[in-house]
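J.: Mind looking at a prediction? Sequence and model below.
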Amino acid sequence: MKITVIGTGYVGLVSGACFADSGNTVLCLDLDARKIDMLNSGGIPIHEPGLETVVQRNHAAGRLIFSTSYDKAIDHGDVIFIAVGTPPDEDGSADLSHVLAAARSIGERITRPVVVVDKSTVPVGTADAVRATIADELRKRELNIAFHVVSNPEFLKEGAAVDDFMRPDRIIVGSDDPSATSVMRQLYKPFNRNHDRLIEMDVRSAELTKYAANAMLATRISFMNELANVAEALGADIEAVRYGIGSDPRIGPHFLYAGVGYGGSCFPKDVKALVKIANDNGKSLRVLEAVEAANDLQKNVLFSKICRHFGGAERLKGTTIALWGLSFKPNTDDMREAPSLVLIRQLLAAGCRIQAYDPVAISEAQRILLKEFGEQQCSEMLKFADSPWDAVQGAAVLALVTEWREFRAPDLHRLAALLSQKAVFDGRNLYDRKDVEAAGLAYYGIGR
Ligand SMILES: NC(=O)c1ccc[n+]([C@@H]2O[C@H](COP(=O)([O-])OP(=O)(O)OC[C@H]3O[C@@H](n4cnc5c(N)ncnc54)[C@H](O)[C@@H]3O)[C@@H](O)[C@H]2O)c1
Ligand SMILES: O=c1ccn([C@@H]2O[C@H](COP(=O)(O)OP(=O)(O)O[C@H]3O[C@H](CO)[C@@H](O)[C@H](O)[C@H]3O)[C@@H](O)[C@H]2O)c(=O)[nH]1
């Protein structure tokens, strides 16, 4: 099949590359010429395990094309995916301007019947708006071309995106037209293994399913984070509780890890957007409002513990804190809504020096923090280290923010020798308290 993907961000690039890998000819379009130039010259704009290989293999085979030309892109595809960003507006609602701009560009150019697929995460009713926008443009051109709009939300996780796309748990297809559904079935056939994972439903339910999934997962995390704070007050261990409740098949073991709050480009924005969608329709989602509030508070948890250890925020001035992990989760360089940014802001405001290390997210973190704090404060107060050990050299204490594999089993005696104030703040419950204390370090976990 000939496929066009509009928007070559995370979702656009991963889906484009995977569709090409299953034998389709895919044109990925983006307005960002630097991104397209980089892709055309063999580079890759994001850190995502396994993606480079799939992109390069299919690009070299001529099945994966990158372009900034809307004319070329719309001429190319019989199936046109919209995978542009839907960032939060000031009031929390999803900003649909990119989605509708893409729809307008489709309507301005199609010359033959197409299936248009909303892959971006969009509020219920967006497929109708996309359909109306395309129809409006066709009316202006005095053309009557048949087209269908399908909702096919994406569920990939950053850091495991290629695998998630290649081996999906489910493929949601919201469609009001059987011929469009059968195109989608054909397209997903190579990824639809073992039993039928493609779930057909109406368009509105598909749009809501995406938000519901993220909201449910975010709810589990906030529940566990709040419970962790209770466990701490009661002298219980949230890790034991997690294991205990996760063994119940009705609950299941996933997404029950207490930590420093959820971040990333999806949960924070989608929780906000779903609350707004409900409110706009005269309904409330009180549970979800609490999920968001609990998450905002949880992002302060490491700073509060550090303050308590030192006897108050005012005692932190001039202290050097080592940070391990900057990205919002391991295996990605994505810093969107990363809890590390909240901690860095709080430490800088308290007059701390920071020595931070991350395996891949340093340049992205540097870009964001330079913009926020300026050259002078960054060069005086923030050092990006070349290794985890470089980060702890001369530091008072260590805060672990992201659970990268390389942080899992450090030499604790070496750590104790390097940290002047001998304390570890473990934001991901990665370490065993007994081991850390045996090395002569104070241990602060989450909910234990
Ligand atoms: N990142 C994820 O893990 C993930 C997973 C599932 C769903 N989603 C959803 O998918 C959508 C895309 O997310 P993302 O993280 O890939 O976004 P992104 O911000 O990484 O990329 C979006 C891309 O779209 C391009 N773009 C914007 N307007 C355009 C236009 N009119 N024409 C062509 N290109 C345009 C931008 O230049 C950018 O490269 C969002 O709705 C998001 O919520 C994201
Ligand atoms: O038990 C857990 C699991 C995750 N997290 C945090 O939750 C955030 C999100 O993690 P994850 O869901 O793994 O990453 P994303 O790449 O943001 O993926 C989510 O958002 C995507 C975009 O909508 C969806 O497609 C995915 O299905 C959904 O998992 C991260 O900050 C994690 O550290 C926890 O704190 N505890």
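T.: On my side now, so go ahead. Ligands and ions are numbered 1, 2, ... in the order given.
J.: Wasn't Ile172 part of a strand?
T.: Yes. The secondary structure assignment for Ile172 places it in a strand, going by DSSP: H, G, I helix; E, B strand; the rest coil.
J.: wait, it sits on Tyr211?
T.: No. Judged on CB atoms under 8 Å, Ile172 makes no contact with Tyr211 at a distance of 11.7 Å. Bear in mind the C-beta positions are built from the backbone N, C-alpha and C, glycine included.
J.: For Ser247, see how far away Ala356 is.
T.: To Ser247, Ala356 is 37 Å away according to CB to CB, to the nearest Å.
J.: neighbour count winner among those two?
T.: Set side by side, Ala356 and Ser247 show more neighbours around Ala356, with 26 against 10, by other CB atoms under 10 Å.
J.: Which residues of this structure lie near ligand 1?
T.: In this structure, the chain approaches ligand 1 at residues 6-12, 29-32, 35, 83-86, 98, 101-102, 120-121, 154, 156, 158, 265-266, judged by CB under 6 Å from any ligand atom.
J.: Of these, keep whichever come out buried.
T.: Among the residues of the chain next to ligand 1, those scoring as buried are 6-12, 29-31, 35, 83-86, 98, 102, 120-121, 154, 156, 158, 265-266 (criterion: 16 or more other CB atoms under 10 Å).
J.: ok, which stretches of the stretch 101-250 of the chain are strands?
T.: Read by DSSP state E, counting those that start in this stretch, the stretch 101-250 of the chain holds these strands, from start to end of the chain: 114-118, 147-151, 171-174, 198-201.
J.: Just to be sure, Ile354 is in a strand?
T.: Yes. Counting by three-state DSSP, Ile354 falls inside a strand.
J.: Compute the distance between it and ligand 1, please.
T.: For Ile354, the distance to ligand 1 (CB to the nearest ligand atom, to the nearest Å) stands at 27 Å.
J.: which ones are touching the residue lying closest to that residue once chain neighbours are set aside?
T.: Leaving aside its chain neighbours, Ile354 sits nearest to Leu382 (5.1 Å; criterion: CB to CB, 6 or more residues apart in numbering). Taking CB atoms under 8 Å, 6 or more residues apart in numbering, we find Leu382 in contact with 344, 348, 353-354, 356, 369, 373.
J.: same check, this time on Ala365
T.: Remark: with contacts taken as CB under 8 Å, 6+ apart, Ala365 is in contact with 326-327, 335, 338, 340-341, 356, 358, 384.
J.: Could you check stretch 229-236 against ligand 2 for contacts?
T.: No. Where contact is defined by CB under 6 Å from any ligand atom, no part of stretch 229-236 touches ligand 2; the two come within 13.9 Å at best.
J.: Go through that stretch and flag the buried ones.
T.: Taking 16+ other CB under 10 Å as the neighbour-count basis, stretch 229-236 is seen to contain the buried residues 229, 231-232.
J.: From the residues you listed, pick the one nearest ligand 2.
T.: Closest approach to ligand 2 among these (CB to the nearest ligand atom): Asn229, at 13.9 Å.
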